[in-house]
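Chemist: below: sequence and its predicted model.
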Amino acid sequence: AGAKENLSKEERFECPRSLVGVVIGSRGATVKEIQRKSGARVDILQDRDPCEIVICGSKESVSKASQAVHQIMEQNARESIECPFDLLEHVTGRNLEKPKEIERDTGARIELDRKFDPCLFHVYGSNEIRGAACEKLRELIAGAKENLSKEERFECPRSLVGVVIGSRGATVKEIQRKSG
């Protein structure tokens, strides 16, 4: 009976639909590699959300495959942070330099979704990496809110924009220097 039980183990667990593509991999490469290395069969039931992963095989092969799938899911989990659209330029800097710096510092991957207001920063990585990146993003957003509350905005006719900016930005730089 012990040998038969060892051959017929099955494990089932949920996988968010957003992670299924990463678990499967390009043209199934990732899931095929997991199956090859573990010896277990890995099926992904995509007819529901969250999807269900079913792993079958010996106790040892199911354990190996399950660990591999869970590791992929953990490393690619996502957290989303809202950012009001009017704060976006203050939070991101030029050419998204601030989120790119957070990516370099933490190892997280950050994507910006501007389709809605508030915008969404999607942060990917392990729990620790995601947590560090999200904390830094929240600090940037809080700082931008604080700075924006000290900011005054007003309309400037298009015909006067050049005058306000000045030659090579000289006028606006002088205003910034004087106002701090």
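Modeler: Ah, there it is.
Chemist: local confidence estimate at Asn127?
Modeler: Reading off the confidence values, Asn127 has pLDDT 86.
Chemist: neighbours of it, how many?
Modeler: 11 (other CB atoms under 10 Å). Placement of C-beta: from N, CA and C, glycine included.
Chemist: ok, it to Glu111 distance?
Modeler: As judged by CB to CB, to the nearest Å, Asn127 and Glu111 stand 18 Å apart.
Chemist: can you list the low-confidence ranges for the chain?
Modeler: 1-7, 149-152, 180 (pLDDT under 70).
Chemist: okay, strands next: where are they in it?
Modeler: With DSSP state E as the criterion, the chain has strands at 9-15, 41-45, 51-57, 78-83, 109-113, 119-124.
Chemist: mind listing what's buried in the fifth one?
Modeler: Neighbour counts over strand 109-113 (16 or more other CB atoms under 10 Å) mark Arg109, Ile110 as buried.
Chemist: show me what it is packed against.
Modeler: Applying 3 or more CB pairs under 8 Å, 6 or more residues apart in numbering; DSSP states H and E, we find strand 109-113 packed against helix 97-106, strand 119-124.
Chemist: identify the residues contacting Ile81.
Modeler: Leu120, Phe121, Val123, Cys134, Leu137, Arg138, Ile141 (CB atoms under 8 Å, 6 or more residues apart in numbering).
Chemist: just want the most central residue of this structure.
Modeler: Val123 (2.1 Å; CA atoms, centre = their mean).
Chemist: what's across from that residue in the sheet?
Modeler: Beta-bridge pairing for Val123 (DSSP bridges): Glu79, Ile110.
Chemist: and it, what is it in contact with?
Modeler: By CB under 8 Å, 6+ apart, the neighbours of Val123 are Arg78, Glu79, Ser80, Ile81, Ala108, Arg109, Ile110, Arg130, Ala133, Cys134, Leu137.
Chemist: next one: Cys134
Modeler: Residues counted as contacts of Cys134 (CB under 8 Å, 6+ apart) are Glu79, Ile81, Val123.
Chemist: redo the contacts of Val123 as JSON lines? Include distance to Ser63.
Modeler: As requested, those are exported to JSON lines (distance: CB to CB, whole Å):
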{"residue": "Arg78", "distance to Ser63": "26"}
{"residue": "Glu79", "distance to Ser63": "28"}
{"residue": "Ser80", "distance to Ser63": "32"}
{"residue": "Ile81", "distance to Ser63": "35"}
{"residue": "Ala108", "distance to Ser63": "29"}
{"residue": "Arg109", "distance to Ser63": "29"}
{"residue": "Ile110", "distance to Ser63": "33"}
{"residue": "Arg130", "distance to Ser63": "26"}
{"residue": "Ala133", "distance to Ser63": "31"}
{"residue": "Cys134", "distance to Ser63": "31"}
{"residue": "Leu137", "distance to Ser63": "36"}
